[in-house]
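> for reference, the sequence and a predicted model appear below.
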Number of protein chains: 2
Amino acid sequence: MIEPWKKIGDRVDYDCGFFKVHVQRSLSPLTGKEHPFYVLDTHDWVNVIALTPEKEVLLVSQFRHGSGEISAEIPGGAVDRKDASPLAAAQRELLEETGHEAPEWFSLGSVRPNPAILNNRCHFFLARGAQRVADLSLDEAEELEVKKVPRGEIGGQIRAGKITHALVIAAFQLLELFEAEKPDKR
Amino acid sequence: MIEPWKKIGDRVDYDCGFFKVHVQRSLSPLTGKEHPFYVLDTHDWVNVIALTPEKEVLLVSQFRHGSGEISAEIPGGAVDRKDASPLAAAQRELLEETGHEAPEWFSLGSVRPNPAILNNRCHFFLARGAQRVADLSLDEAEELEVKKVPRGEIGGQIRAGKITHALVIAAFQLLELFEAEKPDKR
């Protein structure tokens, strides 16, 4: 039976403003020995699968500096201190990144982006009936392009390696499970 | 049309042994202005969906220091310099973490764990016919428990929040797409 480790120390070893690197010292429940673990402390994130009335998915393409590639993703971002809730953050990101609002919102659940080294969650939402109501509202270093892709083509784009972001792919898995449970929401 | 940014500088700002934090300076293709971007440099990763002849999935449960939770995941880890390929790393991790080998291996594709801040890929594999051939072979700070879960119960465990690791959830999405394309491999 696996047991939690006991944290006996925690210090910030690096802080770049976007995330902090903590060094945690913890005791093994099996051996009692101490080991260090490096953990990135960062905000929770949100991602939105927004469907238009024509069952198209809104995708935003942008250059990503980690991969050095242009990446097609669903809208999303970090939950700010100003956001009242993950849902509010998702609605704000959808509006800022795509200029769309939607009348119907559903939670698809939340995941751990990487429980080994990140301490945060990513919350997934489905927004149905999304319609353009405004211009995009982007940060200075944000440059992106909004595309509409028929829902039925998303699987093929994932399989073909055109959609590569793991959190986006996980969101579509959660959407399928949500729809299988609630066929009236399909 | 979204264009790549031009990198004009790159320095290592932090190195903990598991990853390095790079500060990249890049020029916007739209404005020509310079911005800094923080990127984590780390190894590629591998994950394996291993199915027994009885169509059970091998899950490994372990305490994760990022989330501070016990997490049920598919076997996987980092591609080492000693590994000849991602497939070799996947076979090594399956053997070390579960004591299983499998006669049939298929690539399910690869994803970007987080293209915004990580520069690596995660490669997913399907191993069919997995059978126990050895004891586990774990690092000193690795403590884990192997479970077999019927394939048909995985979706319910994801939906119920019992499987939360985004890369694991993405792997099952890629498995579904693989099987839809190759129904003879189901």
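All right, it came through fine. Numbering: from 1, shown residues only, chains lettered A, B, ... in the order given.
> what about A:Phe172, which SS state?
With DSSP: H, G, I helix; E, B strand; the rest coil as the basis, A:Phe172 sits in helix.
> what is the neighbour count of it?
24 (other CB atoms under 10 Å in any protein chain shown). From N, CA and C alone the C-beta is placed, and that goes for glycine too.
> for chain B, see how far away it is.
According to CB to the nearest CB, to the nearest Å, A:Phe172 and chain B sit 6 Å apart.
> surely that residue and A:Ile154 touch.
Yes - judged on CB atoms under 8 Å, A:Phe172 makes contact with A:Ile154 at a distance of 6.0 Å.
> outside of stretch A:152-163, which residues touch it?
Contacts of stretch A:152-163 from elsewhere in the structure, counted by CB atoms under 8 Å, 6 or more residues apart in numbering or on different chains, are A:55, A:57, A:59, A:72-73, A:149, A:169, A:172, B:109-110, B:173-174, B:177-178, B:180-181.
> rerun that using 7 Å as the cut-off
By CB atoms under 7 Å, 6 or more residues apart in numbering or on different chains, the residues outside stretch A:152-163 that reach it are A:57, A:72, A:149, A:169, A:172, B:109, B:173, B:177, B:181.
> show me what counts as buried in it.
Along stretch A:152-163, these residues count as buried under the neighbour rule (16 or more other CB atoms under 10 Å in any protein chain shown): A:154-155, A:158-159, A:163.
> how about the strands in chain A?
Assigned by DSSP state E, chain A shows strands spanning A:6-15, A:20-27, A:34-41, A:45-51, A:56-64, A:69-73, A:76-78, A:100-101, A:104-111, A:122-128, A:131-132, A:144-150.
> how distant is the third one from the center of its chain?
Read that as strand A:34-41. Distance of strand A:34-41 from the chain centroid (CA atoms, centre = their mean, to the nearest Å) equals 23 Å.
> ok, the fourth one next?
Relative to its chain's centre, strand A:45-51 lies at 7 Å (CA atoms, centre = their mean).
> how about that strand and chain B, any contact?
No - under the criterion of CB under 7 Å from any CB of the partner chain, chain B is not reached by strand A:45-51; the shortest gap measures 9.5 Å.
> what helices or strands is that strand leaning on?
Packed against strand A:45-51 by the contact rule (3 or more CB pairs under 7 Å, 6 or more residues apart in numbering or on different chains; DSSP states H and E) you find strand A:56-64, strand A:76-78, helix A:86-98, strand A:122-128, helix A:166-181.
> okay, the angle between the third one and strand A:45-51?
Interaxial angle of helix A:86-98 relative to strand A:45-51 (axes from the mean of the first three to the mean of the last three CA atoms, to 10 degrees): 60 degrees.
> any chance of a markdown table for the strands of chain A, columns mean neighbour count and mean pLDDT?
A markdown table is the format used below for the strands of chain A (neighbours: other CB atoms under 10 Å in any protein chain shown; pLDDT from 0 to 100):
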| stretch | mean neighbour count | mean pLDDT |
| --- | --- | --- |
| strand A:6-15 | 12 | 97 |
| strand A:20-27 | 18 | 97 |
| strand A:34-41 | 18 | 96 |
| strand A:45-51 | 25 | 98 |
| strand A:56-64 | 21 | 97 |
| strand A:69-73 | 18 | 97 |
| strand A:76-78 | 20 | 96 |
| strand A:100-101 | 19 | 98 |
| strand A:104-111 | 19 | 98 |
| strand A:122-128 | 24 | 98 |
| strand A:131-132 | 12 | 98 |
| strand A:144-150 | 15 | 97 |
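> lovely, talk soon.
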